[in-house]
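>>> when you get a sec, could you give me coordinates for this:
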Amino acid sequence: MSSLTSMSFTVADELQDVIGKGPQMISQIKAYQSQYSQRLIKLGYALVQIDQYPYQEQMDIIGVLQSINLLIDQQFQEMTYISSIMHAYQNDTCNQRYLISTSKIFDGFKLLLANVIQDQLNYNETSYQEFLQFCVDDMCAESLRRMMYSLIGETPSDCLILDVIKYGSVKNGFQAGISDVFAYQGSYLLQVLNIAVIVESAFRGYIDGSASVTTLDKIYGPYVKDAYDTVVDTYEDILDNYFENGMINLIQQTKNLLDSGLNNEDLIKGADEYIQTYVNFYNPQITWEAYLVKGPILYNKCLNCFVYEDPNSDQKLVYLSVNNTYQPVSLLSMSKNITDASKNFTSPENFTIFLIQNRSLCITGVTYLQSNPRLYDYTSYSYYTQFSATNFNILIWQQKDVGCLTVNDVKSSAQSQQFKLQTAIRDQQEKMANII
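A predicted model of the protein is given here:
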């Protein structure tokens with residue numbers, strides 16, 4: 001029975017204190033997802049016949065219920081992150097549906113707990129009838145169904161809570177794709193679903209003597225498993241799309257900084273502060289870096305960067321990401337060779353192809369600027385190597401786990417990374433507009 005509370009995490013803050021705990025939470029969810037439904041139903045059903053268990057087993061069951069009740073009182077009823085995002089979307093219908101469902105699930109559980117404890121210590125018909133009356137007319141079943149459908153999306157009208165957490169509300173300060181926060185919120189929702197299953201199973205056991213664990217598992221088991229699978233799959237999707245999510249967060253913040261009238265050094269300092277305080281902090285597996293260019297970018301190709309151009313000036317912010325598991329390789333040792341070879345080239349595209357073909361150089365990203373560029377970078381580290389060539393200034397970075405540009409990537413006729421990124425932004429914005 002103790003496994004029911006093993007996914008619990010004590011957090012004072014739904015954001016900061018969960019950072020770094022996402023992988024652990026998801027591992028626990030994976031460990032239970034194939035068998036949890038029947039365990040929950042067995043517990044709920046066992047409450048109907050608890051007086052038939054040996055005394056110590058009765059106390060163990062009550063101990064589990066009291067642990068869950070403690071979580072509700074000290075943690076779950078204080079959870080506001082999901083409701084705050086829904087409020088930011090101004091979708092009161094989904095927000096109220098979510099708040100009412102969770103409230104009824106918690107209230108039903110407390111009545112069930114009171115009935116079980118009263119039944120053990122001093123039989124009390126009042127607590128028994130209060131629980132039955134609360135769940136009558138499918139009240140508890142409806143709360144359970146709403147919670148299940150909000151996780152798996154059974155009908156088009158369901159409010160998909162997991163997508164709300166996944167996409168956030170970037171304009172209102174809720175970042176998209178924070179994997180650890182998603183894991184925590186997803187774990188919380190699954191625990192609310194678990195509680196709803198216990199309550200409904202106990203109710204069915206009380207009112208229907210012919211009900212069985214097997215029967216109830218056939219009704220609810222597939223949905224519970226789908227809910228667990230959906231949390232795990234969505235978490236892994238967030239990890240796979242860390243670049244697009246980071247890009248959406250950074251673009252919105254860049255717009256905010258420009259709207260505040262920041263320019264030049266102040267603009268890049270503001271961008272770097274946002275990166276360190278939010279983007280890198282809430283996604284510790286990835287490090288983002290930014291630098292600002294005043295004037296033209298002659299050429300830019302990359303697998304892990306994007307360029308944001310100020311529509312009202314010649315400022316351009318270049319953002320690039322790095323997987324912290326594999327640090328980029330410094331190319332300083334090749335400085336003389338690259339600089340000498342560049343003397344014979346005036347075309348950035350042709351020189352990049354030359355480096356790939358004739359120097360067998362793995363290039364993850366490259367930016368060409370004018371000689372003596374106005375470049376601003378206030379980070380304490382640089383994941384690119386800068387070369388002052390004869391006809392241009394070159395910034396190159398290499399991270400083999402991300403990949404290497406090919407000749408086809410470099411050629412002008414190839415689809416640009418910038419176009420791909422803008423497409424990704426548009427696709428995610430369309431999804432965000434329709435998730436609730």
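>>> burial of S360, as a residue count?
Counted with other CB atoms under 10 Å, residues neighbouring S360 total 8. Where C-beta positions appear, they are placed from N, C-alpha and C, glycine not excepted.
>>> where does pLDDT dip in the stretch 51-200 of the chain?
Scanning the stretch 51-200 of the chain for pLDDT under 70 picks out 119-124, 156.
>>> where exactly do the strands run in the stretch 201-350 of the chain?
Here the stretch 201-350 of the chain has its strands, by DSSP state E, counting those that start in this stretch, at 286-294, 297-302, 305-309, 315-323.
>>> nearest to T254, out of those strands?
strand 305-309 (5.0 Å; CB to CB).
>>> domain-wise, how is the protein divided?
Taking automatic domain parsing as the reference, the chain has its domains at 2-240, 244-434.
>>> nearest residue to I356 other than its sequence neighbours?
Take I356 and drop its neighbours on the chain: the residue closest to it by CB to CB, 6 or more residues apart in numbering is V407, 6.0 Å away.
>>> what's the burial count for the one you found?
Neighbours of V407 (other CB under 10 Å): 12.
>>> ok, and the closest non-adjacent residue to V197?
Spatially, and ignoring its direct neighbours in sequence, V197 is nearest to L40 (4.3 Å; CB to CB, 6+ apart).
>>> now the one you found, what's its secondary structure?
helix (DSSP: H, G, I helix; E, B strand; the rest coil).
>>> what about D314, how many residues close to it?
12.
>>> give me the contacts around stretch 87-102.
Stretch 87-102 is contacted from outside by 76, 82-83, 86, 143, 146-147, 150, 159, 161, 164, 169, 171-174, 192, 436, using CB atoms under 8 Å, 6 or more residues apart in numbering.
>>> now, the residues you listed that are in helices?
I82, S83, M86, S143, R146, M147, S150, I161, V164, V192 (DSSP state H).
>>> in stretch 45-61, which residues are buried?
Residues Y45, A46, L47, V48, Q58, I61 are the ones in stretch 45-61 that count as buried (16 or more other CB atoms under 10 Å).
>>> now do the same for the first one: its pLDDT.
Read it as Y45. In the prediction, the pLDDT value recorded for Y45 is 80.
>>> so where does it fall, helix or strand?
helix 36-46 (DSSP states H and E).
>>> which neighbouring elements make contact with whatever helix or strand comes next after that helix?
Downstream of helix 36-46, the next assigned helix or strand under DSSP H and E is helix 55-74. Judged by 3 or more CB pairs under 8 Å, 6 or more residues apart in numbering; DSSP states H and E, the packing partners of helix 55-74 are helix 36-46, helix 92-121, helix 179-207.
>>> got the angle for the longest one vs helix 55-74?
This points to helix 92-121. 150 degrees (axes from the mean of the first three to the mean of the last three CA atoms, to 10 degrees).
>>> quick one: buried residues of helix 92-121?
Judged by neighbour count (16+ other CB under 10 Å), helix 92-121 contains these buried residues: 94-95, 97-98, 101-102, 104-116, 118-119.
>>> residue most distant from the centroid, the protein?
Most distant from the centre of the chain: N344, at 47.7 Å, with distances by CA atoms, centre = their mean.
>>> please name the residues that touch it.
By CB under 8 Å, 6+ apart, N344 has no neighbours at all.
>>> what number of residues lie near the residue lying closest to N249 once chain neighbours are set aside?
Nearest residue to N249, sequence neighbours excluded (CB to CB, 6+ apart): Q175, at 4.9 Å. Other residues near Q175 come to 22 when the count uses other CB under 10 Å.
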